[in-house]
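Peer 1: A predicted structure for the sequence below; I have some questions about it.
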Amino acid sequence: MKVTCFSDSLLDWYQHQGRKHLPWQQTQDPYRIWVSEIMLQQTQVTTVLGYYQRFMTRFPDLASLAAASLDEVLHHWAGLGYYSRARNLHRCAQQVVAEHQGAFPVHDQQLMEALPGIGPSTAAAIRAFSTGARAVILDGNVKRVVARYFAIEGWPGQSAITRLLWQKADQLTPDTRLAEYTQAIMDLGATCCTPRNPQCGSCPVQEHCQAHLQGRTDQLPTAKPGKKLPEHTRHALLLTNPAQHLLLEQRPANGIWGGLWSLPEFDEASQLQQWLEQQYPGSSLTGDVHQQLHTFSHYRLQLMIHSHQLNTDAANPGEPRAEPGYHSRPLNWYDPDTRSSIGLAAPVSRLLQARSKTS
DNA sequence: GATACGTGGAT
DNA sequence: TATCCAAGTAT
């Protein structure tokens, strides 16, 4: 059968060419596998390695994660991006403790998908790796391999295409050796069937790959329709007190850098000025302004950073408080030297990085 | 169904 | 430098 041919060839390739020594491959513990799968969502292996090591050292099991504060979880996630993953990870840990007696329902795909941050592909990956059950994944690697193997036209972002890819991925998935197969098809996409310049010469299924046979590997899968990123400008306040602490504001749980601590941010410079004078009467801006450019997947952010140093007799320097209105979020002074366990947003970590370089 | 959500690696 | 895109999910 064709199906058997694909998985057999792939598994044979995996024996020699596959990755088998990644940290999360040395266990069948659903917790460890789960953390790795969440971190690896839309994130490359090399980026994850360091984060995973530190995270597992601090949160070695589900109970330790469930008992931790969200701030500390975000502290260990800061820099990885897509922070809803960290918030959902924390929520999920508490939910598994409360509703599943501390054990992931790895034998039930639907129950797994019901957990925060776990979708169909992640649920399948956790199940395949921890139990060896037959479960079908569809990540970026598999999409590319399947789209090429069957020469499926159309951008995978369209739901009809995704549906078809799921169906084809299911067809290719064998009934046995699921842990190996799941790793193998991801490895093939990551190291052989790459987005550009795929190494078809060393591909175990090249003889049956429609894209290869048609010489169209460079056209499949169909590229995402390109669009220009919109650009936004916002204004951030870099306020320093006499102790050289920075004023940070916790961002709302939704939106960019959700739950992380960042510089107080405003739509307009005038709003920033107004807020500053309200909080610290008699203060005036130093006039030092510099820019940070942040490029996200969906827009570019020009952040104008307005620096200001509070003098000693400024009112209430230790306890800034939010006014009701457009700013009513938690505020805190942050000491860069005694790093507390909170998640710092990119604008802050970039500032501190630049600062440590010059000093 | 389309959009929001981060950051860094690769080319 | 610019662009793509990565072990996707939630809304």
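Peer 2: Great, that's in hand.

Peer 1: Which residue ranges make up each domain of chain A?
Peer 2: Using automatic domain parsing, the domains assigned to chain A come out as A:4-213, A:231-358.

Peer 1: now, of the ones you listed, which is deepest in the fold?
Peer 2: domain A:4-213 (a mean of 18; mean count of other CB atoms under 10 Å). All C-beta spots, glycine's among them, are computed from the backbone N, C-alpha and C.

Peer 1: and that one with DNA strand B, contact?
Peer 2: Yes - applying CB under 7 Å from any atom of the strand, one finds domain A:4-213 in contact with DNA strand B at A:42-44, A:46-47, A:79-84, A:157-160, A:194, A:196-197.

Peer 1: what about the strands in the stretch 51-200 of chain A?
Peer 2: Using DSSP state E, counting those that start in this stretch, no strands are found in the stretch 51-200 of chain A.

Peer 1: Out of the domains of chain A, which is closest to DNA strand C?
Peer 2: Taking CB to the nearest atom of the strand, domain A:4-213 is the member of those nearest to DNA strand C, at 2.4 Å.

Peer 1: tell me the mean pLDDT for that closest one?
Peer 2: Here domain A:4-213 scores 97 as its mean pLDDT.

Peer 1: How far away from the center of its chain is that domain?
Peer 2: From the chain centre to the centre of domain A:4-213 is a distance of 13 Å (CA atoms, centre = their mean, to the nearest Å).

Peer 1: Contacts only, for the residue in the stretch 201-350 of chain A that DNA strand C sits nearest to.
Peer 2: Nearest residue of the stretch 201-350 of chain A to DNA strand C, counting by CB to the nearest atom of the strand: residue A:226, 3.5 Å away. With contact set as CB atoms under 8 Å, 6 or more residues apart in numbering, residue A:226 has no partners.

Peer 1: Tell me how far it lies from residue A:155.
Peer 2: Computed as CB to CB, to the nearest Å, the residue A:226 to residue A:155 distance reads 11 Å.

Peer 1: Identify the residues contacting residue A:49.
Peer 2: A:22, A:23.

Peer 1: how close does whichever residue of the stretch 101-250 of chain A sits closest to DNA strand B sit to residue A:149?
Peer 2: Nearest residue of the stretch 101-250 of chain A to DNA strand B, counting by CB to the nearest atom of the strand: residue A:159, 3.3 Å away. Noted for residue A:159: a distance of 21 Å to residue A:149, by CB to CB.

Peer 1: Please apply the same query to residue A:128.
Peer 2: From residue A:128 over to residue A:149 (counting by CB to CB), the distance is 20 Å.

Peer 1: How about residue A:138?
Peer 2: With CB to CB as the criterion, residue A:138 and residue A:149 are 13 Å apart.

Peer 1: Would you mind measuring the gap between the ends of stretch A:258-271?
Peer 2: Stretch A:258-271 has an end-to-end distance of 22 Å (CA to CA, to the nearest Å).

Peer 1: Could you give the separation of it from the chain centroid?
Peer 2: Per CA atoms, centre = their mean, the centroid offset for stretch A:258-271 relative to its chain is 22 Å.

Peer 1: and what of stretch A:351-359?
Peer 2: With CA atoms, centre = their mean, you get 25 Å for stretch A:351-359.

Peer 1: ok, now which ones touch residue A:177?
Peer 2: A:7, A:11, A:132.

Peer 1: Just to check, residue A:330 is in contact with residue A:251?
Peer 2: No - the criterion here is CB atoms under 8 Å, and residue A:330 misses it with residue A:251 at 9.5 Å.

Peer 1: Residue of chain A nearest DNA strand B, please.
Peer 2: For chain A, CB to the nearest atom of the strand, closest residue to DNA strand B: residue A:81, 2.7 Å.

Peer 1: How about the secondary structure of residue A:42?
Peer 2: coil (DSSP: H, G, I helix; E, B strand; the rest coil).

Peer 1: which phi and psi does it have?
Peer 2: phi 60, psi 30 (degrees, to the nearest 10).

Peer 1: Could you find the residue nearest the spatial middle of chain A?
Peer 2: The centroid of chain A falls nearest to residue A:82 when counting by CA atoms, centre = their mean (3.8 Å).

Peer 1: Please name the nearest non-neighbouring residue to that residue.
Peer 2: Distances taken as CB to CB, 6 or more residues apart in numbering place residue A:42 nearest to residue A:82, at 6.3 Å, with adjacent residues excluded.

Peer 1: how near is the one you found to residue A:200?
Peer 2: Taken as CB to CB, the span from residue A:42 to residue A:200 is 26 Å.

Peer 1: go on, residue A:70?
Peer 2: Residue A:70 is 46 Å from residue A:200, where distance means CB to CB.

Peer 1: Next: residue A:125.
Peer 2: With CB to CB as the criterion, residue A:125 and residue A:200 are 26 Å apart.

Peer 1: now do residue A:16
Peer 2: Counting by CB to CB - residue A:16 and residue A:200 are separated by 17 Å.

Peer 1: Please apply the same query to residue A:17.
Peer 2: From residue A:17 to residue A:200 the distance is 14 Å (CB to CB).
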